[in-house]
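Visitor: A predicted structure for the sequence below; I have some questions about it.
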Amino acid sequence: MVELQQILAPGRPALGGQIISYEIPLTLSVVGVIILAGTMSMNRIVLAQSGSLLDWFVFKQPLAALIFFIAARRSEPNSVRHDRGRL
C-alpha cells in the first residue's frame, strides 16, 4: 500500500517555495506597521491610526501596502475555494 508521504513528497519543494515566496513579503509589510505604531497590540495599532485620513499607515507606506495586497492575492492561486467544489 502506498503511504501518504510518498504521494505528497514530489510536491513538497514547490509548496515550500510558494510558502516562502509570499510569507516573506507579508511579514515584512506587517513589520513596517509594527515599527510605525511602536507596538504589536492591535488596539494600539488602531489607535495610532485614529485621527485624519493621512494618519492611516496605508498612506504612510503605500509601497508596503501594495506589496501586502499583491502577495496576499497571489498567495495560493491554485487552491480551491472552500465554498466551491472542483469543476
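Guide: Thanks, I have the structure now. Numbering: from 1, shown residues only.
Visitor: make it CA atoms for all contacts and neighbour counts henceforth
Guide: OK.
Visitor: Show me where this protein dips below the pLDDT cut-off.
Guide: In the predicted model of the chain, residues 1-19, 75-87 satisfy pLDDT under 70.
Visitor: hey, where'd the helices end up in the chain?
Guide: Along the chain, counting by DSSP state H, helices occupy 4-8, 12-37, 42-48, 57-60, 62-73.
Visitor: Kindly reformat those as CSV and extend each row with mean neighbour count.
Guide: Output for the helices of the chain, formatted as CSV (neighbours: other C-alpha atoms under 10 Å):
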stretch, mean neighbour count
helix 4-8, 9
helix 12-37, 14
helix 42-48, 13
helix 57-60, 15
helix 62-73, 16
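Visitor: Run through the residues that contact residue 25.
Guide: Residues in contact with residue 25 (C-alpha atoms under 8 Å, 6 or more residues apart in numbering) are 67, 68, 71.
Visitor: Residue 35 now?
Guide: So residue 35 contacts nothing (C-alpha under 8 Å, 6+ apart).
Visitor: and the gap between it and residue 54?
Guide: The gap separating residue 35 from residue 54 is 17 Å, by C-alpha to C-alpha, to the nearest Å.
Visitor: picking that back up, could I get the contacts of residue 25 as TSV with distance to residue 42?
Guide: Below are the contacts of residue 25 laid out as TSV (distance: C-alpha to C-alpha, whole Å):
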residue	distance to residue 42
67	21
68	18
71	21
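Visitor: Relative to residue 58, which of those residues is nearest.
Guide: Checking the contacts of residue 25 against residue 58 with C-alpha to C-alpha, the nearest one is residue 68 at 10.3 Å.
Visitor: Can you tell me the closest non-neighbouring residue to the closest one?
Guide: residue 26 (5.3 Å; C-alpha to C-alpha, 6 or more residues apart in numbering).
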